[in-house]
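K.L.:
here's my sequence, what's the structure:
(one chain, ligands or ions: 2)
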Amino acid sequence: MSEYSVFSVPSAAAKREARLPLLAARRAMTPEAVAAADAALAAGLSALVPPDAGWTVCAYVPMPGEPGGPGLPDRLAALPGVARVLLPVLRPDRDLDWAAYTGPDALAPAAFGLREPTGPRCGVTGITEAALVLVPALAVDRAGLRLGRGGGSYDRALARVRPGTAVIALLHEGELVDRVPAEPHDQRVTGVLMPSGLVRIPG
Ligand SMILES: Nc1nc2c(c(=O)[nH]1)N(C=O)[C@@H](CNc1ccc(C(=O)N[C@@H](CCC(=O)O)C(=O)O)cc1)CN2
Ligand SMILES: Nc1ncnc2c1ncn2[C@@H]1O[C@H](COP(=O)(O)OP(=O)(O)OP(=O)(O)O)[C@@H](O)[C@H]1O
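P.N.:
Residues are numbered from 1 along each chain as shown. Ligands and ions are numbered 1, 2, ... in the order given. As a prediction, the model looks like this:
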């Protein structure tokens, strides 16, 4: 038995270290590689939503280098099975509020280089209306544990999803890894979508 379990204090520092090479690898991608990955992810996304679903989907506005690209909200909104796209609004306490995506003109610059919707907010419980939640991540491991940017925002938000909701992280190839540093508050995803396709994580 080692001195620390996988759920111990050093994990916060381990997470900080683990983020660095992942962020560097994203920065090193060529524009061509990014465009190819985003196109492949777009094809995978359309297969996630049945055409007559009428779903509310929670997504996000990818920042430079994040899988999906800046066109992600528009691509989702255009899918026949998507009735409504909700996007996160970062609260001062780093929890996530939600607001409907109504088009690129209704996005405004926000903290950390984010772009966020400017319309009416649904509150932190907006995520409970989603049948599918797409989450940003720097990496996910085989157990579905997700390494984010370090705000803890999605750990709070994902605790509120309805049971049975698909929670899918969008990743670049190679970002599904054997193990990410974990803490007790970490929420799991139910699958990852990469350019090569969907990998479901057994629950
Ligand atoms: N596109 C996108 N939207 C998102 C997230 C995300 O990861 N991606 N979030 C996911 O929760 C929330 C926003 N949280 C964020 C938290 C930190 C940073 C960030 O850039 N942090 C710096 C370092 C930390 C700091 O300066 O304090 C960095 O990563 O360089 C960005 C978003 C909600 N919206
Ligand atoms: N349910 C929660 N309530 C309050 N604080 C939380 C909760 N979950 C996580 N946090 C705090 O958030 C901080 C960052 O957590 P962590 O490093 O796991 O974020 P992350 O999952 O990488 O980020 P994000 O979800 O924003 O992408 C931690 O200090 C943790 O204490």
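
K.L.:
three-state assignment of Tyr60?
P.N.:
Under DSSP: H, G, I helix; E, B strand; the rest coil, the three-state class of Tyr60 is coil.

K.L.:
test my guess that it contacts Leu86.
P.N.:
No: Tyr60 is beyond contact range of Leu86, at 9.7 Å (criterion: Cβ atoms under 8 Å). From N, CA and C alone the C-beta is placed, and that goes for glycine too.

K.L.:
dump the strand ranked longest in the chain to CSV, restricted to CA.
P.N.:
Ranked by residue count, the top strand of the chain under DSSP state E comes out as strand 82-90. C-alpha atoms of strand 82-90 as CSV (Å, rounded to 0.1, in the frame of the first residue of the first chain):
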residue,chain,number,x,y,z
VAL,A,82,-31.7,19.0,-31.5
ALA,A,83,-34.5,21.3,-30.2
ARG,A,84,-32.3,23.5,-28.1
VAL,A,85,-28.6,24.0,-27.3
LEU,A,86,-27.7,25.3,-23.8
LEU,A,87,-24.3,26.8,-23.2
PRO,A,88,-22.5,27.4,-19.9
VAL,A,89,-22.1,30.8,-18.3
LEU,A,90,-19.3,30.7,-15.7
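
K.L.:
touching ligand 2 at all, it?
P.N.:
No: judged by Cβ under 6 Å from any ligand atom, strand 82-90 and ligand 2 are separated, with a smallest distance of 8.6 Å.

K.L.:
adjacent strands (with direction) for that strand?
P.N.:
strand 55-58 (parallel), strand 96-100 (antiparallel) (DSSP bridges).

K.L.:
and the contacts of the strand or helix carrying Ala39?
P.N.:
Using DSSP states H and E, Ala39 sits in helix 31-46. Defining contact as Cβ atoms under 8 Å, 6 or more residues apart in numbering, one finds that helix 31-46 is touched by 29, 65, 67-69, 71, 75-76, 79, 134, 170, 172-173, 193-198.
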